Structure formats: C-alpha cells, structure tokens
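Novice: Provided below for reference: sequence and predicted model.
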There are 2 protein chains.
Amino acid sequence: MKVRLKIWIDHKGKAFGDGPYELLTRVEQTRSLHQAALQMKMSYSKAWRLIRTMEKRLGIPLLQRKVGGKFGGGSLITLEAKDLMARYEPFRKEAREAIEKIFQRYFYSSERKKPK
Amino acid sequence: MKVRLKIWIDHKGKAFGDGPYELLTRVEQTRSLHQAALQMKMSYSKAWRLIRTMEKRLGIPLLQRKVGGKFGGGSLITLEAKDLMARYEPFRKEAREAIEKIFQRYFYSSERKKPK
C-alpha cells in the first residue's frame, strides 16, 4: 500500500499546481510558451488559456512577452512567477514527505492502533 | 489562497479514500449497503462494485452479509474494515493539518523566501 496525493492552490478556483509549475519551468528554460507547450504535448492555445486563467485567479502576471531582438519574440516568466515557483516547489516536496511519514506511522508502525 | 488536497491509498490501483470511508461509515451506521448508497445518492450496484474493487485491491473483506433474523438481512462491516477506518480517519486529519501548516509557512510566513 502506498499513499497518493494531489495538491493544488485554490483561489477563486484551481489557481496553481503541478501542471502549471511544470509549464512555467519549461517556459523559463526555453523562453517560449510554444516550446514549453510542445514539450508537454499540450496545444499552444490550451497552454495560453491555462496561463491566463491562473493569472486572473492569482491576480499576478506570470508571463511577459519578449518583443523583437535578433531571434524574434518569446516569453519570459515574471518575478511574480519566480516567487510563486520558489515557494511552490519546496512546499510540495515538504508536503509529500510529511504525508508519507504520517502514512507510515498510521499504516506501518508496530505501535499501530488496534481495531475498535 | 488556500491549499487543497486529494489523498488516497493506492494498492494495485485506487484502493481507499474519502468516498469509500464515507460509504463504510454509513454502512456501519445503517447496517445496510442499500441505505448507505441511498444516503450518498449512489446506485446500489455502483456501491457494491466499489466495495468489491476495494476488497480485491486491499486483499481484505470489508463487508459481511447478515442473513435472516427478525428484520431480514443487511450488511455489517468486518473487523478488517474497522481497523482500516480507525487508521484512515486520523491519518487523513493529521495529513490535512500538516499540509495546512506547511502551506502557511511557505505562502504566508513573514520569513518567506524572496524570489530569485
């Protein structure tokens, strides 16, 4: 037996979670929402709508459009997005570890409670 | 912003979680899978399949059929089901509390990390 969990941040609806985190990470790496969406086998329009929805729900900008330059445009993540990601990643990791420990204690400890 | 989570036990697939816990609790109270399913607005056949699937995945019996008696049959939960429920309920509660604390620390603490 193992414990599984799905965790997300809610603010006026689903506002952030593992999928958005991965998408933003890939935008940061590739500097392109097109590339990030492609890597995640997600359509560009779906990725764009996801970003827009999160921006609205969280009330912060996540992407900024990079205009012009030698290789044309692209997308950069905002400082607000970096801040969110810098909190979310260790939060998620610590949450998973805590749950795993609690699970072990209730389901695999030798001091486990006897049934009523 | 608030944190949301969905938690379940996996063993050869989804093997136990909040829905099954509630169903078994209602069987325990009503001594009837029919009544329990009705209270949860679930069809009897769906409730029955859910129980059977969990029993197979967990490898333990959860319900025992009560035969005859003055008021006819019904369902009782097994000792194994009671043991599982006696672990699952406090596990779930403690898990939710731990996640809430970690979330507060990462997203609402004054000592929060600055963005990179």
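Specialist: Sure, I can see it.
Novice: can you tell me the centre-most residue of chain A?
Specialist: Geometric centre of chain A, nearest residue: A:Y21, 2.3 Å, by Cα atoms, centre = their mean.
Novice: surely that one forms part of a strand?
Specialist: No: A:Y21 is assigned helix when assessed by DSSP: H, G, I helix; E, B strand; the rest coil, not a strand.
Novice: does it really touch A:Y88, like I thought?
Specialist: Yes: the criterion here is Cβ atoms under 8 Å, and A:Y21 meets it with A:Y88 at 5.6 Å. All C-beta atoms are positioned from the backbone trio N, CA, C, and that covers glycine.
Novice: helices of chain A, start to end?
Specialist: A:18-30, A:33-39, A:44-58, A:79-108 (DSSP state H).
Novice: quick check: residues of chain A near chain B?
Specialist: Neighbours of chain B within chain A, by Cβ under 8 Å from any Cβ of the partner chain: A:1-11, A:14-15, A:58, A:79-80, A:82-83, A:86-88, A:90-91, A:94-95, A:98-99, A:102-103, A:106-107, A:112-116.
Novice: separate out the buried members of those residues.
Specialist: Buried subset of these (neighbour count, 16 or more other Cβ atoms under 10 Å in any protein chain shown): A:3, A:5, A:7-9, A:15, A:58, A:80, A:82-83, A:86-88, A:91, A:94-95, A:98-99, A:102-103, A:106-107.
Novice: what number of residues are in the vicinity of A:Y44?
Specialist: Counted with other Cβ atoms under 10 Å in any protein chain shown, residues neighbouring A:Y44 total 13.
Novice: if you skip the residues just before and after it, what's nearest to it?
Specialist: Using Cβ to Cβ, 6 or more residues apart in numbering or on different chains and skipping residues adjacent in sequence, the residue nearest A:Y44 is A:A37, 4.9 Å away.
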